[in-house]
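Enquirer: sequence and predicted model, in that order:
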Amino acid sequence: MKVQARGQGARRWIMVGTIAFGALFLVVGLILAGVSVSFLVDAERARGTVVALEWRNDDHNGASRKTRGNNRPAAYPVVEFTSAEGTPRKFRDSTGSHPPSYEVGEEVEVLYRADSPEDARIKGFASLWLLPLIFGGIGLLIGGIGTVVALATRGRSQAARSPQVMSPSAAPQG
């Protein structure tokens, strides 16, 4: 019996940990979505032009190219725009892709904060919503799986612990 109790305790901690991990990811996704919404509300808009593509291998962890599954470089668009006060600005977007999402010479809509024009982004789905969706989606998936497993296990363990009620016809006659 004690082995079974220990096993149930470990399973319970795993389920709680899974739900907590999922909740943490969901909260991070919601915070990132809030940052994007806040940026959109306060952002100035300007027309910009992609002036270059900066090709980068984002190998920050030091892994060799042979061990990585995707060793192709990503193209990060470099955009020039003129802010509302008339100052020309240039920035590299934070989202790169392979194949490139933009071409040199392509016109794009730029969003930037008037008080800090160096904080600029291309108005596009990936640069605004990709990270919130990834974190929120992973959080919902993992937290949902943990919750479903916890509820299913709880229902099964309650059914196993509840005493069996005998019907009057099945009761022994004495």
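Expert: Sure, I can see it.
Enquirer: hey, let's count contacts and neighbours off CA atoms from now on
Expert: Will do.
Enquirer: what is the mean pLDDT for the lengthiest helix in the chain?
Expert: The longest helix of the chain (DSSP state H) is helix 2-42. For helix 2-42, the mean per-residue pLDDT is 87.
Enquirer: same deal with stretch 88-108?
Expert: Per-residue scores along stretch 88-108 average to 93.
Enquirer: list the contacts for the residue nearest to the spatial centre of the chain?
Expert: Geometric centre of the chain, nearest residue: F135, 1.6 Å, by CA atoms, centre = their mean. By CA atoms under 8 Å, 6 or more residues apart in numbering, F135 lies in contact with F25, L26, V28, G29.
Enquirer: just the element for L140, please.
Expert: helix 125-161 (DSSP states H and E).
Enquirer: average pLDDT for that helix?
Expert: In the prediction, helix 125-161 has an average pLDDT of 87.
Enquirer: next, the angle from it to helix 2-42.
Expert: Relative orientation of helix 125-161 versus helix 2-42 (axes from the mean of the first three to the mean of the last three CA atoms, to 10 degrees): 150 degrees.
Enquirer: hang on, the earlier thing: can I have the buried ones of the contacts of F135 as a PyMOL selection?
Expert: Burial among the contacts of F135 is assessed by 16 or more other CA atoms under 10 Å; the matching PyMOL selection reads:
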select buried, resi 25+26+28+29
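Enquirer: and which of the contacts of F135 is nearest to R12?
Expert: F25 (20.0 Å; CA to CA).
Enquirer: any idea how far the residue nearest to the closest one when sequence neighbours are not counted is from K123?
Expert: The shortest distance from F25 to any non-neighbouring residue, by CA to CA, 6 or more residues apart in numbering, is to G139 (4.4 Å). Applying CA to CA, to the nearest Å, the value for G139 to K123 is 26 Å.
Enquirer: between the two, point out the one with more neighbours.
Expert: Neighbour totals were compared for G139 and K123, and G139 leads with 24 against 16 (other CA atoms under 10 Å).
Enquirer: doesn't A20 make contact with that one?
Expert: No: with contacts counted by CA atoms under 8 Å, G139 stays clear of A20, the gap being 9.2 Å.
Enquirer: picking that back up, and the contacts of F135, which is closest to S83?
Expert: Closest to S83, out of all of the contacts of F135 and judged by CA to CA, is G29, at 30.0 Å.
Enquirer: measure the closest one to S101 for me?
Expert: 24 Å.
Enquirer: and what of T153?
Expert: In terms of CA to CA, T153 sits 46 Å off from S101.
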